[in-house]
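Engineer: Pasting the sequence and the predicted coordinates here, then a few questions.
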Amino acid sequence: MSAPPHHEHGPEDLCATGTALYERALREGHVRSADSAAAPCLVDFGLLHPAVADLSRLEPVAAAVALHRLLKASEQRIADERQRETKLTETFEPLMRIDGQSTGAESTTTVTVLSGLDRISQAIDQAMADSSGELLAIQPHITHTTYTAPEVHVEALARDQALLDRGGSIRTLYQHTLRHAPSVIARYEQLRGEAEARTLDEVPERLLVIDRTVAFLPASKDRKLALEIRQPAIVTFLATTFERLWRLATPMRPEAVRQQSLNGITHRQRAIAGLLIEGHTDAVIADRLGLNVRTARVHIAKLAATLGSESRAQLGYLIAESGILRQDGVTT
């Protein structure tokens with residue numbers, strides 16, 4: 001009776017026949033070459049090799065050695081794909097900006113990939129220079145991956161002031177953690193004109209909407225890739241999303257709102273409570289709210305003390321029972 005056909009697969013999906021034969025080879029030190037006919041994948045993946053002293057036998061490669069070898073091959077494939085992605089972006093980014101007549105009106109580019117900080121900055125500068133209307137901006141908390149040099153902030157400040165001098169307006173959403181940040185305070189001390197700012201516990205990724213005709217979004221975590229969007233429906237959607245967040249946000253400038261608490265629970269602690277009952281870890285809560293982990297844990301400890309909780313599980317129950325997440329009118 002012939003063996004069933006062997007289906008092709010990768011080393012990460014080792015077939016049952018191959019797994020059993022490889023296990024036997026590891027235990028016994030070898031298997032017969034004929035046994036590998038039912039699982040040729042073991043030789044193909046380098047898990048079995050002919051014995052030097054007896055070619056009728058196959059000896060196994062140590063599992064640790066085999067794993068290391070396969071992982072190295074996988075890492076190389078990933079590196080090759082990333083290099084291919086970079087080359088494709090570099091090749092097509094300038095081509096996407098060509099407004100050729102032969103492409104037809106239907107295919108005119110409305111979403112452009114911008115590669116490199118200089119290219120992104122140039123595109124934003126050009127859009128701002130052409131504007132005399134409105135800038136809507138969302139600025140999330142700054143981390144080590146989103147750090148920008150001081151001179152970049154100076155250039156952005158000059159760009160924003162030029163818009164205000166032309167009679168334009170600027171509205172910016174920040175996270176609550178930036179309400180007292182020196183860089184943010186200094187910015188509004190220097191800007192002259194119609195510039196407003198509000199804050200929320202959480203905000204989406206960075207967003208710029210200029211005159212409701214063009215929007216800029218980051219396309220990578222390090223912000224070295226960005227999207228320039230000129231598709232009217234998408235830009236309108238982003239502007240509408242901004243307006244809804246703006247109505248929910250707490251005014252910071254021109255008038256900051258004094259921090260208040262309700263029944264001993266601050267707005268920040270309410271935000272943390274909402275994330276706690278969703279089951280998030282301290283690290284995730286800190287990242288979502290733009291805090292460091294130590295500060296988040298201090299707030300959690302104060303919340304637990306206020307509610308009389310003696311454990312993490314009890315804290316979730318007490319938050320739900322207290323009704324603090326249903327209370328309105330609390331500002332920070």
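Structural biologist: Ah, there it is. Residues are numbered from 1 along each chain as shown.
Engineer: Now do whichever strand or helix holds Ala186: distance to the chain's middle.
Structural biologist: According to DSSP states H and E, Ala186 maps onto helix 182-190. Helix 182-190 sits 27 Å away from the centroid of its parent chain (Cα atoms, centre = their mean, to the nearest Å).
Engineer: Let me know the angle separating the very next helix or strand once past it from helix 182-190.
Structural biologist: Counting by DSSP H and E, the element after helix 182-190 in chain order, helix or strand, is strand 194-200. Put simply, strand 194-200 runs at 150 degrees to helix 182-190, going by axes from the mean of the first three to the mean of the last three Cα atoms, to 10 degrees.
Engineer: Would you indicate which residues of strand 194-200 are buried?
Structural biologist: Across strand 194-200, burial judged by 16 or more other Cβ atoms under 10 Å covers 195-200. Any C-beta I mention is one placed from the backbone N, CA and C, and that applies to glycine too.
Engineer: what pairs with that strand, and is each one parallel or antiparallel?
Structural biologist: When pairing is defined by DSSP bridges, strand 194-200 lines up against strand 169-175 (parallel), strand 250-253 (antiparallel).
Engineer: Adding distance to Glu310 and mean neighbour count, write those strands out as a markdown table.
Structural biologist: Shown next, in a markdown table, are the strands paired with strand 194-200 (distance: least, Cβ to Cβ, whole Å; neighbours: other Cβ atoms under 10 Å):
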| stretch | distance to Glu310 | mean neighbour count |
| --- | --- | --- |
| strand 169-175 | 31 | 20 |
| strand 250-253 | 33 | 18 |
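Engineer: out of those, nearest to Ala271?
Structural biologist: Checking the strands paired with strand 194-200 against Ala271 by Cβ to Cβ gives strand 169-175 as the closest, at 10.3 Å.
Engineer: Contacts for the closest one next, please.
Structural biologist: Residues outside strand 169-175 that contact it (Cβ atoms under 8 Å, 6 or more residues apart in numbering): 133-141, 160, 163-164, 184, 191, 193-203, 242, 245-246, 249, 252, 289-290.
Engineer: and those residues, which are buried?
Structural biologist: With burial judged by 16+ other Cβ under 10 Å, the buried subset of the contacts of strand 169-175 is 134-141, 160, 163-164, 184, 191, 195-201, 203, 242, 245-246, 249, 252, 289-290.
Engineer: Break down the stretch 51-200 of the chain into its helices, ranges please.
Structural biologist: 63-96, 117-129, 150-165, 182-190 (DSSP state H, counting those that start in this stretch).
Engineer: Might you calculate how far the longest one sits from the centre of the chain?
Structural biologist: So the one you mean is helix 63-96. How far helix 63-96 lies from its chain's middle: 21 Å, per Cα atoms, centre = their mean.
Engineer: what is the orientation angle of that helix with helix 117-129?
Structural biologist: Using the same axes, to 10 degrees: helix 63-96 against helix 117-129 is 40 degrees.
Engineer: Which strands and helices lie in contact with helix 63-96?
Structural biologist: If contacts are counted by 3 or more Cβ pairs under 8 Å, 6 or more residues apart in numbering; DSSP states H and E, helix 63-96 sits against strand 111-115.
Engineer: how about the strand it packs on: buried residues?
Structural biologist: So for strand 111-115, counting by 16+ other Cβ under 10 Å, buried means 112-115.
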